[in-house]
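Asker: give me the fold of what follows.
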Amino acid sequence: MNARRISFRFAIDADGVLFNFDASWRICAERMLRRDLPVVQPVYDLSSRYALSRAEMAKVWAAWNTAECWRTVQPISSAINVTRMLIDMGHSVTVVTKLPSEKAAEERRWCLDHHGLFEADLVTVKDSKKSALAKLRPHFYADDLLFHCLEAKDVFVPHIVKIESCGFGEVPDGIEKHKELETAIREFFQTAKRQLVS
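Answerer: This is a model prediction of the structure:
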């Protein structure tokens with residue numbers, strides 16, 4: 001039996017996996033603050049990453065939201081392409097992403113459609129993704145934030161991938177590490193094929 005003929009459920013984070021949020025946000029911040037922003041600490045938190053004050057963060061977020069930058073965040077081409085491939089192959093794809101507002105969710109939906117992911121479902125959360133993942137019951141989940149990968153592990157998602165964003169660090173057993181979504185998807189299908197023929 002061919003693994004390609006089986007319909008799998010894929011859940012995929014957006015920022016850091018499908019889209020280069022960090023690069024887009026940094027461009028916005030540099031334009032707003034009128035200076036270069038080198039990475040001070042390779043951490044997830046933006047204020048610590050770029051050594052920005054609370055007031056500077058507020059200015060940048062205000063500019064980001066005014067310019068509707070959730071619509072124009074830079075795509076990661078290889079990730080967009082492999083996600084379109086999954087849809088074309090008949091698999092279920094749901095983008096599970098943390099966003100601050102309904103307006104941001106509308107912009108993210110527009111962005112997905114703009115990049116050809118019309119048939120991908122979109123689930124937005126304000127904080128935890130655990131409940132959404134428990135309902136979706138995906139066979140595969142990819143996120144750049146370890147916290148959400150651990151949530152996926154808590155609800156028994158069988159194949160969990162931590163995508164590199166600010167460095168890998170240590171991850172517990174049951175979570176794979178990949179630099180990009182494309183290689184993670186390829187390995188998932190290789191594993192599925194081995195299991196089917198064994």
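Asker: how about the top helix by length along the chain: buried residues?
Answerer: Scanning the chain for the helix with the most residues, using DSSP state H, yields helix 181-197. For helix 181-197, a neighbour-count test (16 or more other Cβ atoms under 10 Å) marks 181-182, 184-185, 188-189, 192 as buried. Every C-beta, even on glycine, is put in place using the N, C-alpha and C of the backbone.
Asker: now swap in stretch 147-154 and tell me
Answerer: For stretch 147-154, a neighbour-count test (16+ other Cβ under 10 Å) marks 148-153 as buried.
Asker: which one of those residues is nearest Val73?
Answerer: Nearest to Val73 among the buried residues of stretch 147-154 is His148, at 18.2 Å by Cβ to Cβ.
Asker: within the helices and strands, which one has the closest one?
Answerer: helix 146-154 (DSSP states H and E).
Asker: what do you get for Val40?
Answerer: Using DSSP H and E, no helix or strand contains Val40.
Asker: in three-state terms, label the closest residue to it other than its chain neighbours for me.
Answerer: Excluding the flanking residues, the one nearest Val40 by Cβ to Cβ, 6 or more residues apart in numbering is Ala51, at 4.2 Å. Secondary structure assignment for Ala51 (DSSP: H, G, I helix; E, B strand; the rest coil): coil.
Asker: surely Ala51 is in contact with Asp36?
Answerer: No - proximity of Ala51 to Asp36 does not meet the contact threshold set by Cβ atoms under 8 Å, at 12.0 Å.
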